[in-house]
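Chemist: coordinates for the following, if possible.
(one chain, ligands or ions: 1)
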Amino acid sequence: MGHWVNGIWCWNFEWRRAILPREEGALKEFHSFLQQVNLVEGREDKWIWNASEEGSYIVKSAFSVLQGLELEEPILVFRALWQGTAPSNVLAFGWRVFWGRLQTQENMLRRGIIPIGENTSCLFCHEVEETPNHLLFNCFFSYQVWTLCYRWLGALTAFPESSSLHFLQFGNEFRTLKQQGVMKTVWLAISWSVWLHRNKILFKNDQKDAAKVVELAQLRAWNWLRARNKSLTYSVFDWISQPRICIESF
Ligand SMILES: [Zn+2]
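Modeler: The predicted structure follows:
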């Protein structure tokens, strides 16, 4: 894990497997986070509650922290996220999107992971800086993906500015919480597929293809839903040709 050299702790990580190209950004971010932590030789680790001056937990300080936060939207998003059916890494991806922590070029530049002066433009359009919102929703390419998905779902919707509002509104026209949960799954599958497509362009020089992203999002959503609902009687063909009928059966 590491060792002391003249009073300075030097990390020495060993990984069980080779780091994948798509994980390198997260690894750099992890190292830059560790650099901000100063360890002192001979001093034991302990928990510190930052909201009180003494560093120890006091109920009153927790109450004042909660009062100062706008909890409504994050709590709604959190609930809606767990309504969806997706693998844990995809749920974690959703969480990063809502908290603006997705490792886009702009975020990596801001955190000092990529140097100033490096090209941070969107990999789809090469015109605008790659922020999470631009990449997933506002870029003409991702807009095209969402439009194709709305057409497939027979849905009409506006494109809200924030990713969390976009997510919260997606599928609200369905009656039951379970059906809305299916739509949250579809939302996660679309966003996740756009993100994976972006990574394929970055790391494997793939060509952008909106129809392919939509097709993969449909299949991913179907696989996640099937894994959780074994009693589904519809086929993947039904799902792709008549999604609303399938969703209404939930
Ligand atoms: Zn773009």
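
Chemist: and P243, what does it touch?
Modeler: P243 is in contact with 152-154, 186, 218, counting by C-beta atoms under 8 Å, 6 or more residues apart in numbering. To be clear about C-beta, it is placed using only N, CA and C from the backbone, and glycine gets the same treatment.

Chemist: spell out which residues make up each domain of this protein.
Modeler: Per automatic domain parsing, the structural domains of the chain span 2-68, 72-248.

Chemist: deepest of the ones you listed, which one?
Modeler: Compared across those, domain 72-248 shows the largest average neighbour count, a mean of 17 (mean count of other C-beta atoms under 10 Å).

Chemist: looking at it now, give me its mean pLDDT.
Modeler: For domain 72-248, mean pLDDT rounds to 87.

Chemist: please compute how far it lies from its chain's middle.
Modeler: 8 Å (C-alpha atoms, centre = their mean, to the nearest Å).

Chemist: about what we covered before: so which of the domains of the chain is nearest the ion?
Modeler: Closest approach to the ion among the domains of the chain (C-beta to the ion): domain 72-248, 3.0 Å.

Chemist: between the contacts of P243, which is nearest I245?
Modeler: Nearest to I245, judged by C-beta to C-beta, of these is G154 at 10.2 Å.

Chemist: report the contact partners of the closest one.
Modeler: Neighbours of G154 in contact, by C-beta under 8 Å, 6+ apart: 243-244.

Chemist: and the residue positioned nearest the centre of the chain, what element?
Modeler: The geometric centre of the chain, computed from its C-alpha atoms, lies nearest to F93 (C-alpha atoms, centre = their mean), at 2.5 Å. Using DSSP states H and E, F93 sits within helix 88-98.

Chemist: that older thread, need the contacts of P243 in TSV with secondary structure and distance to N107, can you?
Modeler: Compiled in TSV, the contacts of P243 are given as follows (DSSP: H, G, I helix; E, B strand; the rest coil; distance: C-beta to C-beta, whole Å):
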residue	secondary structure	distance to N107
W152	helix	30
L153	helix	30
G154	coil	35
V186	helix	25
Q218	helix	29
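
Chemist: export those as JSON lines, with columns for distance to I245.
Modeler: Shown next, in JSON lines, are the contacts of P243 (distance: C-beta to C-beta, whole Å):
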{"residue": "W152", "distance to I245": "13"}
{"residue": "L153", "distance to I245": "11"}
{"residue": "G154", "distance to I245": "10"}
{"residue": "V186", "distance to I245": "14"}
{"residue": "Q218", "distance to I245": "15"}
